[in-house]
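A.B. asks: here is my input; please provide its structure:
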Amino acid sequence: VRDLLGSERIHPWQVAGSGGAIAVLWGACPDGDGCRFAVVTRLGDRVASTFLAGPSPTIAEVPGGWLVQDTSSMFRLSPEGERTQVSARGDQVPVEAGDTAVETSDGWRLLRDETLLPVPTPDGSYALAAYVTPAGDLVVATQPSPVTVEVSWTDASGSWQSGYLHRTTGRVGGVVLAGHHDGVAVALLGDSPDGSLPVLDVAVSTDAGRSWQSGRGLPAGLRDLSALAVSDEGAAYLTTGSHGTVRVDADGNALAVGQSPHDRSAFQVSHRVCLVAETGRVDELRCSADDGATWTALSLPGFR
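C.D. replies: Residues are numbered from 1 along each chain as shown. Sure, this is the predicted structure:
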């Protein structure tokens with residue numbers, strides 16, 4: 001892994017927190033030689049690393065670590081570098097407290113211990129995105145029609161309620177949903193002919209999807225969302241290709257808080273919101289413990 005991190009063309013493809021730990025999916029892509037990938041994790045002073053197979057591995061935050069998928073397998077990875085294999089089942093079961101919604105190559109799934117389960121939806125349709133609160137409430141985005149996106153929620157009673165409904169005038173390019181405790185944020189993406197993905201709407205909820213505040217004052221031309229995270233205070237952080245980082249507070253007020261022209265990988269760790277800022281050959285971590293008022297620079301795992 002040291003050789004990979006010493007490569008000329010090294011890039012943090014994904015960065016994710018879990019509790020107080022941080023994981024970076026590093027990729028080294030020399031010209032014409034394909035890419036090599038490794039995950040480097042850090043918890044305090046403890047650093048662990050593992051190589052991954054294939055051209056497009058992924059990592060996603062889950063309790064106690066990350067869900068990692070490459071061409072060889074899917075497994076849970078702990079901050080100490082321990083792997084636990086994950087299996088999948090096709091039967092649909094009610095959501096429970098402790099479940100985690102994760103995106104896999106087969107779509108959105110619920111991770112329960114070491115088992116992946118289908119994500120329930122109000123009408124049995126495909127889940128565009130999902131989030132499970134610590135209490136076990138499920139918030140899920142679906143597309144009832146080609147120009148309509150709906151975000152619904154259900155609690156232990158199992159009955160579905162609609163919390164957010166947005167009708168577009170064009171094709172939906174994607175939906176991104178993120179949550180932290182009872183705070184939830186949704187970003188609706190369009191699909192432009194030039195290949196960019198404009199941000200059509202951003203909405204935030206502080207009550208697990210029951211009610212929503214639509215973003216106000218979003219920058220004109222906001223597009224190419226790379227990550228969405230929610231802070232302890234219920235604010236949404238969007239890292240974009242057009243305006244760096246934009247913060248939408250719990251009341252829906254938008255403010256640009258970019259740390260570099262190409263911020264990405266917003267996430268939550270240890271009551272801080274963090275992102276990756278472009279700073280030259282090796283990008284760095286920027287974290288805020290006061291909901292975006294001030295930021296502290298840190299090295300990414302793999303670099304000190």
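
A.B. asks: which elements pack onto the helix or strand of the chain with the lowest mean pLDDT?
C.D. replies: Lowest mean confidence among the helices and strands of the chain (mean pLDDT, DSSP states H and E): helix 2-5, at a mean of 80. Counting by 3 or more C-beta pairs under 8 Å, 6 or more residues apart in numbering; DSSP states H and E, the packing neighbours recorded for helix 2-5 are strand 21-28, strand 36-43. C-beta here means a position set from N, CA and C on the backbone, and glycine is covered the same way.

A.B. asks: most packed of these?
C.D. replies: The highest average neighbour count among those, using mean count of other C-beta atoms under 10 Å, belongs to strand 21-28 at a mean of 24.

A.B. asks: so can I have JSON lines of the helices and strands packed on helix 2-5 showing mean pLDDT?
C.D. replies: Output for these, formatted as JSON lines (pLDDT from 0 to 100):
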{"stretch": "strand 21-28", "mean pLDDT": "94"}
{"stretch": "strand 36-43", "mean pLDDT": "94"}
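
A.B. asks: closest one to Leu225 among those strands?
C.D. replies: strand 21-28 (18.4 Å; C-beta to C-beta).

A.B. asks: each with direction, which strands does the closest one pair with?
C.D. replies: Using DSSP bridges, strand 21-28 pairs in its sheet with strand 10-18 (antiparallel), strand 36-43 (antiparallel).

A.B. asks: out of those, nearest to Ala277?
C.D. replies: Taking the strands paired with strand 21-28 one by one with C-beta to C-beta, strand 10-18 is closest: 10.8 Å.

A.B. asks: show the average pLDDT along stretch 150-170.
C.D. replies: Stretch 150-170 shows a mean pLDDT of 89.

A.B. asks: list the buried ones in it?
C.D. replies: 150-155, 163-164, 166, 168 (16 or more other C-beta atoms under 10 Å).

A.B. asks: ditto for stretch 39-56
C.D. replies: Buried, per 16+ other C-beta under 10 Å, within stretch 39-56: 39-43, 47-50, 52.

A.B. asks: check stretch 64-74 too.
C.D. replies: Of all the residues in stretch 64-74, those buried under the rule 16+ other C-beta under 10 Å are 65-70, 74.

A.B. asks: how far off centre is that stretch?
C.D. replies: Remark: stretch 64-74 is offset 15 Å from the chain centroid, using C-alpha atoms, centre = their mean, to the nearest Å.
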